[in-house]
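S.K.: model this:
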Amino acid sequence: MKKIKKWFDSKSLIFPNKMYWFIIPALLMFTVFWILPIFQLFRYSLTNYNGITNNFRFVGLSNYKFLLRQGTILNSSKNTLIYTIVLVLGNNILALGLAILLNIKIKAKGLFRTIAYLPALFSPIVVGFIWSYVYMPDSGLIASLLNAFGFGAINFNILGNYDWAIYGVAIVEIWKRFGTTMIIYLAGLQTIDTSLIEASRIDGCNEWQIVRFIKLPLISASITINIVLSVIYGLKAFHYIFVMTNGGPGTATNTLMYQIYNIAFSEQMMGKASALAVVAFLVIITITIIMLIFMNKREVEL
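M.R.: Down below sits the predicted model:
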């Protein structure tokens, strides 16, 4: 009895603190809504489940073989890669530039920060609908501005252009996410010791040299976080494509996540969609781990 009592002692190794019991509800929620669905996903990927009836059977790896034979998978992978590259570059360059500008002493700095962060407060669905009207041919905001300045907007239809639609949707996500990315960069910039900046100016460094050789290396942790998050958001692209283009025109904006949705709910092949989701899950996890390992080696400790 003494040993059993010792196990539940708050000073024991097994239960070093009674506050650890408070993580149990969160752990249960995480298990029910995250861990179990992942195992269920792997299970369905090995069956011919159609998403409606429970009359399905085990088919082994035939769903994965189907993905290799399906030409649209290669197209959706290419679109996802383009989308991710545009998002990573555009989001981080814009956010970092604004963070550096808004970190200096200027009037109404707080107001500019608030305005830059405002798009992050809207839901992706609302943002998608707003930008659908912005991009609308003839009567949209951009078309109206082009007409007002005499450029003409007869041929303006970015979401209807096969070559440019994916870039138009990526711009929308950049607009939505750059505020959050900027806040992370600002937090990193504000941890830099001002004496380092002052010493570099005394040594004759100009502003570009200060940014390149002092600020950027010292916010490498923020750069790592933002690039990894941008890559994950790019690989998971779905919301704006679903609202704005439905994968079109043709298959121009058909990304991996939209392809999973299309196979699962339009074609009612949940087993094949689960197989594609498993592949996408493993790819995202692998890319994220490789990026973290690669970029953490280049971080500078303050």
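S.K.: Show the subsequent helix or strand relative to the helix or strand containing Leu216.
M.R.: Taking DSSP states H and E as the definition, Leu216 sits inside helix 216-218. Next in sequence after helix 216-218, counting helices and strands by DSSP H and E, comes helix 220-235.
S.K.: How far away from the center of its chain is the helix holding Leu216?
M.R.: 23 Å (C-alpha atoms, centre = their mean, to the nearest Å).
S.K.: contacting residues for the most centrally placed residue in the chain?
M.R.: In the chain, the residue lying closest to the centroid (C-alpha atoms, centre = their mean) is Tyr233, at 1.4 Å. Listed by C-beta atoms under 8 Å, 6 or more residues apart in numbering, the contact set of Tyr233 reads Leu87, Glu173, Arg177. All C-beta spots, glycine's among them, are computed from the backbone N, C-alpha and C.
S.K.: dump the residue contacts of the first one.
M.R.: The reference is to Leu87. Neighbours of Leu87 in contact, by C-beta under 8 Å, 6+ apart: Ala170, Glu173, Ile174, Arg177, Ser230, Tyr233, Gly234, Ala237.
S.K.: Repeat the analysis, applying 10 Å as the threshold.
M.R.: Taking C-beta atoms under 10 Å, 6 or more residues apart in numbering, we find Leu87 in contact with 169-171, 173-174, 177-178, 230-231, 233-235, 237.
S.K.: pLDDT added to these, as a markdown table?
M.R.: Output for those, formatted as a markdown table (pLDDT from 0 to 100):
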| residue | pLDDT |
| --- | --- |
| Val169 | 95 |
| Ala170 | 96 |
| Ile171 | 96 |
| Glu173 | 95 |
| Ile174 | 96 |
| Arg177 | 94 |
| Phe178 | 93 |
| Ser230 | 94 |
| Val231 | 93 |
| Tyr233 | 93 |
| Gly234 | 94 |
| Leu235 | 92 |
| Ala237 | 93 |
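S.K.: could you point out which element follows the least confident helix or strand in the chain by mean pLDDT?
M.R.: Of the helices and strands making up the chain, the lowest-confidence element is helix 2-7, at a mean of 52, by mean pLDDT, DSSP states H and E. Following helix 2-7 in sequence order, the next helix or strand is helix 23-30 (DSSP H and E).
S.K.: Cheers, nothing more for now.
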